[in-house]
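Engineer: Dropping a prediction and its sequence here:
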Amino acid sequence: MTYAVLTARLALAGVLLVSAVAKARSFQESREMLDGFLRRLGPRPRKLARPAALALIAAEGATGLALLGPVQTVRPGLVVAAVLTAGFTAVAAWATVSRTQVSCACFGRPTARLGRRHVVRNAPLLGLAVLGLAGVGAASDASPELPAVVLCVVTAAVITLVTAFFDDIVDLVAGP
């Protein structure tokens, strides 16, 4: 396993697990976010907001755990991570293009209207999933070096933190 794949796995696992826990802790806000999105599809899909929120939390949590799990779960975890991040990016792009008002409670609390900043945040995550999938089969005879593994962990932690607090960082940099 290459260090790039390890970093991608850890970063995606971190982001997905933080997101799942945050959505579970602020379930009402997460349900309302999905309700806002589903409302655009008609009255019937709105009834799906609660089960959709539960399914999303479960998918994010299970995928994060799969990425941390044994080697047999990594490829499926990366596939689901790619599908999730592609879907999140597509919804953010749709909201941007259509100028639809949907609040982002992506990490449990509504922070901003879903839009371009979320496309910018999610696109690198999709890139990490693709990078992980491209390299997951590459075998290495070398034993992992501890300093390199520590660097992967630290890099993944930084990616996770920046992703989780991206809206706050953008607001801070953009100013009032």
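Structural biologist: It's in.
Engineer: Following the chain onward from the one helix or strand in the chain whose mean pLDDT sits lowest, which element is next?
Structural biologist: The weakest-scoring helix or strand in the chain, judged by mean pLDDT, DSSP states H and E, is helix 43-46 (a mean of 68). Per DSSP states H and E, helix 43-46 leads on to helix 49-68 as the next helix or strand towards the C-terminus.
Engineer: in that next one, what counts as buried?
Structural biologist: Residues of helix 49-68 classed as buried under the neighbour-count rule (16 or more other CB atoms under 10 Å) are 49, 52-54, 56-57, 59-64, 66-68. C-beta here means a position set from N, CA and C on the backbone, and glycine is covered the same way.
Engineer: Which parts of the protein are strands?
Structural biologist: Using DSSP state E, the strands of the chain run over residues 103-104, 112-113.
Engineer: export those to CSV and tack on mean neighbour count?
Structural biologist: Shown next, in CSV, are the strands of the chain (neighbours: other CB atoms under 10 Å):
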stretch, mean neighbour count
strand 103-104, 20
strand 112-113, 16
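Engineer: need the longest helix for the protein.
Structural biologist: helix 71-98 (DSSP state H).
Engineer: Could you name the helices and strands sitting against that one?
Structural biologist: Secondary-structure packing of helix 71-98 (3 or more CB pairs under 8 Å, 6 or more residues apart in numbering; DSSP states H and E): helix 3-25, helix 49-68, helix 116-135.
Engineer: was I right about L56 contacting F27?
Structural biologist: No. Taking contacts as CB atoms under 8 Å, L56 lies outside contact range of F27: 10.7 Å.
Engineer: R31 - nearest residue in space that isn't next to it in sequence?
Structural biologist: Leaving aside its sequence neighbours, R31 sits nearest to A53 (CB to CB, 6 or more residues apart in numbering; 4.4 Å).
Engineer: wait, what's in contact with that neighbour?
Structural biologist: Applying CB atoms under 8 Å, 6 or more residues apart in numbering to A53 gives the contacts K23, F27, S30, R31, L34.
Engineer: quick one: which of the residues you listed is nearest to G132?
Structural biologist: If you rank the contacts of A53 by distance to G132 using CB to CB, K23 comes first, at 22.7 Å.
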